[in-house]
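Trainee: Okay, here's the prediction I keep looking at, along with the sequence it came from:
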Amino acid sequence: MVSSRMNKISKIWNSQAVFITIEGIDGSGKTTQVQKLHERFLAAGKPCIATREPGGTPVGDAIRSMLLNPEVKMNSYTEMFLYAASRAEHVRQVIAPALNKGISVICDRYVDASIAYQGYGLQPEGLTPQLVKMVNEPAVAGWIPDLTIIIDLDVSVAEQRIGQRKAMLQQNKDRIEQRGTPFYERVRQGLRSLYEQEPERYLWVDGNSSTEELTERIWQSITQL
Ligand code: TYD
């Protein structure tokens with residue numbers, strides 16, 4: 001018997017737009033995967049845009065520079081609202097218009113990043129995953145990804161990669177990266193909890209795999225949507 005999943009014509013081969021988001025702690029390699037997947041979509045003749053959060057719009061980019069600037073001090077609630085504000089703009093200016101035109105969207109971070117970083121990561125400062133989810137509801141306005149890829153990596157490996165990258169680019173760590181290991185451990189666990197609560201919506205992949213292996217694995221999941 002052919003399973004219903006096999007029977008279903010894949011959304012993307014049926015020329016329907018798909019909404020994909022990629023998550024992982026800093027240094028997990030998600031930005032490279034966003035680029036690789038974007039190339040794959042275009043090579044397959046599927047219209048697609050790659051975008052990122054925070055940012056992706058003029059307002060979003062202004063919010064991004066505030067959020068990442070190590071000189072800027074703000075409380076956790078302000079931070080949660082600013083990420084959500086950038087998202088509210090991004091959804092309405094970029095994501096929804098593209099999907100409505102049949103253009104697939106690959107987004108480097110989305111609402112799961114807020115739940116993991118602010119909801120789980122900033123729990124000692126009073127935020128909760130439930131609160132962050134609630135605040136983000138009007139921001140995402142019902143635009144839930146078809147698939148969210150979580151690239152998992154040991155915090156120590158990710159921190160080493162960030163350290164090397166920053167040294168190479170002669171850059172300092174941004175406001176979020178400066179938070180250190182215990183914060184990133186909570187974010188990683190938060191991503192794991194999100195996956196465990198709704199495994200059908202996520203693809204969990206091992207960030208130690210080679211770039212090519214990861215791209216192949218992710219592409220296979222997308223083409224089965
Ligand atoms: P990112 O663009 O992935 O960083 P980089 O350009 O260094 O690769 O994301 C910027 C930072 O913002 C990153 O540390 C994760 C954090 N972030 C949140 O804390 N909450 C969010 O909702 C989002 C989208 C990002």
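Mentor: Sure thing, it's come through.
Trainee: So what's the gap between the longest helix anywhere in the chain and the chain middle?
Mentor: Longest helix in the chain, counting residues (DSSP state H): helix 181-197. Relative to its parent chain, helix 181-197 has a centroid offset of 13 Å by Cα atoms, centre = their mean, to the nearest Å.
Trainee: what packs against it?
Mentor: Identification of packing neighbours for helix 181-197 by 3 or more Cβ pairs under 8 Å, 6 or more residues apart in numbering; DSSP states H and E yields strand 147-152, helix 155-169, strand 202-206. Using the backbone N, CA and C atoms, a C-beta is placed for each residue, glycine as well.
Trainee: does any part of stretch 110-129 sit near the ligand?
Mentor: Yes - judged by Cβ under 6 Å from any ligand atom, stretch 110-129 comes into contact with the ligand through Ala113, Ser114, Tyr117, Gln118.
Trainee: wait, doesn't the third one sit right on Arg175?
Mentor: The one in question is Tyr117. No - assessed by Cβ atoms under 8 Å, Tyr117 is found out of contact with Arg175, at 11.5 Å.
Trainee: between the two, who's got more neighbours?
Mentor: Tyr117 (27 against 16; other Cβ atoms under 10 Å).
Trainee: quick one: contacts for the more buried one?
Mentor: Tyr83, Ile176, Val187, Gly190 (Cβ atoms under 8 Å, 6 or more residues apart in numbering).
Trainee: follow-up on the earlier one: of the helices and strands packed on helix 181-197, which stretch is the most buried?
Mentor: strand 147-152 (a mean of 22; mean count of other Cβ atoms under 10 Å).
Trainee: pLDDT weak spots in this protein?
Mentor: Across the chain, the ranges flagged by pLDDT under 70 are 1-8.
Trainee: Tell me which stretches of it form helices.
Mentor: 4-7, 30-43, 58-68, 76-90, 96-100, 111-114, 129-140, 155-169, 181-197, 211-223.
Trainee: got these as JSON lines, with distance to Ala17 columns?
Mentor: As requested, the helices of the chain are exported to JSON lines (distance: least, Cβ to Cβ, whole Å):
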{"stretch": "helix 4-7", "distance to Ala17": "20"}
{"stretch": "helix 30-43", "distance to Ala17": "10"}
{"stretch": "helix 58-68", "distance to Ala17": "21"}
{"stretch": "helix 76-90", "distance to Ala17": "16"}
{"stretch": "helix 96-100", "distance to Ala17": "5"}
{"stretch": "helix 111-114", "distance to Ala17": "19"}
{"stretch": "helix 129-140", "distance to Ala17": "17"}
{"stretch": "helix 155-169", "distance to Ala17": "31"}
{"stretch": "helix 181-197", "distance to Ala17": "24"}
{"stretch": "helix 211-223", "distance to Ala17": "12"}
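Trainee: which one of the residues of stretch 110-129 next to the ligand is nearest Lys166?
Mentor: Tyr117 (18.8 Å; Cβ to Cβ).
Trainee: And the closest one, how far from Leu82?
Mentor: Separation of Tyr117 from Leu82 (Cβ to Cβ, to the nearest Å): 12 Å.
Trainee: for Cys107, same thing?
Mentor: Counting by Cβ to Cβ, the gap from Cys107 to Leu82 is 17 Å.
Trainee: Just want to know which of those two has more residues nearby.
Mentor: Taking other Cβ under 10 Å, Cys107 and Leu82 do not tie; Cys107 has more neighbours (27 against 18).
Trainee: mind listing what the more buried one touches?
Mentor: Phe19, Ile20, Thr21, Ile22, Val34, Ala50, Thr51, Arg52, Glu53, Gly56, Ile95, Pro145.
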